[in-house]
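# Dropping a prediction and its sequence here:
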Amino acid sequence: MRFVLVFGPQAVGKMTVGQELAKITELKLLHNHMTIELLQPFFGFSSEMWRLSSLFREEIFKAVSKSDLPGMIFTFVWAFNKKEDWEDVDKICSIFESNDGEVYFVELEAELEERIKRNKTPNRLEHKPSKRDVEQSELRLIASLEKLRLNSLEGEIKKKNYIKINNTNLSAEEVAKRIKNEFQL
C-alpha cells in the first residue's frame, strides 16, 4: 500500500498533478475538494462542513489502507504554522503506516503570479465548483498569504520519502513523471 500526500498552497497544481500521477500509476486520487464540494452546498465553509469532511476522509483512508488497492494519492493544503495541520498529517500517515503502508510526501510550490493564473483554469473550475467565483477565490488565496505559511522551510520536513518541486514552469505531466520516478511508483 502506497500513500502519496501531495501538498502545497492553493492553485499550485496539486489536483492536476494528482490526476496525472493517477493516470501513470495504479494509485487512486482523492483530491481535497472531493469531500469539500460534497458538503459545501449543505453547510457552506462552516465548522460542520470541515468536521464532516475530515470524518469522511478518515473513513476513506482507513478503508483504502486495509484494501487490496495498490494505494492512493491525497491532496492537501498544509498550513505549517498551524499545529492542528501537523497533527492531521500525522494522523493520516499513521492510518497507512499502521497497515504496513509506505507514505510519500510531495510538496509543490509555485510563484504567486502562476498560482493566480492556475486559479482560473478550466480543469480547476470543472472539479471545484466552490472556486467558480474566481474573484472571491483569488481574494482568499491572496489573503491566506498574510496568516498562513503554506510551504515548508528548508529542512522542516524530515521524512525519508520526501520531495519538494517548484512547478512554476513545469507541466503537471512532467511533475507526475518526476514523482513516479523518484519514488518508483
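Great, that's in hand.

# The longest strand anywhere in the chain: which residues count as buried?
Once the chain is assigned using DSSP state E, the strand that runs over the most residues is strand 102-109. Neighbour-count burial for strand 102-109 flags 103-109 (criterion: 16 or more other Cβ atoms under 10 Å). In short, each C-beta sits where N, CA and C put it, glycine included.

# what's the answer for stretch 86-102, then?
Result for stretch 86-102 [16+ other Cβ under 10 Å]: buried residues 88-89, 92-93, 95-96, 101.

# Which member of those residues is positioned nearest A63?
For the buried residues of stretch 86-102, the closest approach to A63 (Cβ to Cβ) belongs to I95, at 9.9 Å.

# Hmm, K62 and the closest one touching each other?
Yes. I95 is within contact range of K62, at 5.7 Å (criterion: Cβ atoms under 8 Å).

# Now stretch 50-59: buried residues?
Neighbour counts over stretch 50-59 (16+ other Cβ under 10 Å) mark 52-53, 56-57 as buried.

# From these, which land in helices?
Using DSSP state H, the members of these that fall within helices are 52-53, 56-57.

# Switch those residues over to TSV; also include pLDDT.
Written out in TSV, the entries for those read as follows (pLDDT from 0 to 100):
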residue	pLDDT
L52	97
S53	96
F56	97
R57	97
